[in-house]
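Asks: Curious how this folds, go ahead:
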Amino acid sequence: MARFNFGRNLFWRRRGTAPPSVVLRGLTRRDQAQHAAHLLRLSREDRRSRFHVMTKDEAVEAYSRGLDWQHDLIFGLFVDGVLRGVGEMIRQGDTAEISLSVEAPWQHGGFGRTLALALVLAARRVGVTEISMSFLSDNRSMRALARDLGAVSGPLAPVIESVKIIPPAQGQPAPD
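Replies: Below is the predicted model of the structure:
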């Protein structure tokens, strides 16, 4: 579990209030209800960005229940004990797809970047050599994040696919 102090960011500054407690940790099946609640709190537009379509509550709940909590890597960012951001890595052999969601009041403060970096580090640790992420072309934040991670994006289309090749850790041989 990692603790972060995002208190230096301007959006946390409120007169007379202390910066919130922010904790990053892996999620397990025991966190499924909090995971579903987080996804259900996403705005209509943020839910469309996350799932690429308008998604009803029942579908969101079914998605959360259907995750392979033993195999997939899922990180959560908690603000004052409430799950406000999630990064998911769905693995298939040595490749994986990552997805991110951050509730609107906490967007543009580094939460998505923190989750993405945690997933990239975890991917390297479990032997994933290629990460893909897909996002709607109008999602400027995800396009910028993919670019900053060094991902190569496909052509401009309604849904953009970006791929990041993960180099091996120092001292480890490169995969064949």
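
Asks: moving C-terminal of the longest strand along the chain, what's the next helix or strand?
Replies: Across the chain, the strand with the greatest residue count (assigned by DSSP state E) is strand 82-92. On the C-terminal side of strand 82-92, the closest following helix or strand by DSSP states H and E is strand 95-102.

Asks: Okay, now the sheet partners of that next one, with direction.
Replies: Taking DSSP bridges as the criterion, strand 95-102 forms sheet pairs with strand 82-92 (antiparallel), strand 130-136 (parallel).

Asks: For it, buried residues please.
Replies: Ala96, Glu97, Ile98, Ser99, Leu100, Ser101, Val102 (16 or more other CB atoms under 10 Å). Placement of C-beta: from N, CA and C, glycine included.

Asks: And for stretch 126-141?
Replies: Result for stretch 126-141 [16+ other CB under 10 Å]: buried residues Val128, Thr129, Ile131, Ser132, Met133, Ser134, Phe135, Leu136, Asn139.

Asks: Can you tell me which of these is nearest Arg113?
Replies: Arg113 has its nearest neighbour among the buried residues of stretch 126-141 in Met133, at 12.9 Å by CB to CB.

Asks: Alpha carbons only: can I get the helix or strand hosting Leu40 in PDB?
Replies: Using DSSP H and E, Leu40 sits in helix 32-41. Extracted in PDB, the C-alpha atoms of helix 32-41 (Å, rounded to 0.1, in the frame of the first residue of the first chain):
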ATOM      1  CA  GLN A  32     -15.900  -5.800  -5.500                       C
ATOM      2  CA  ALA A  33     -18.800  -3.800  -4.000                       C
ATOM      3  CA  GLN A  34     -16.600  -0.700  -3.700                       C
ATOM      4  CA  HIS A  35     -15.400  -1.200  -7.300                       C
ATOM      5  CA  ALA A  36     -18.900  -1.400  -8.500                       C
ATOM      6  CA  ALA A  37     -20.000   1.600  -6.500                       C
ATOM      7  CA  HIS A  38     -17.100   3.600  -7.900                       C
ATOM      8  CA  LEU A  39     -18.100   2.700 -11.500                       C
ATOM      9  CA  LEU A  40     -21.700   3.600 -10.700                       C
ATOM     10  CA  ARG A  41     -20.700   7.000  -9.400                       C
END
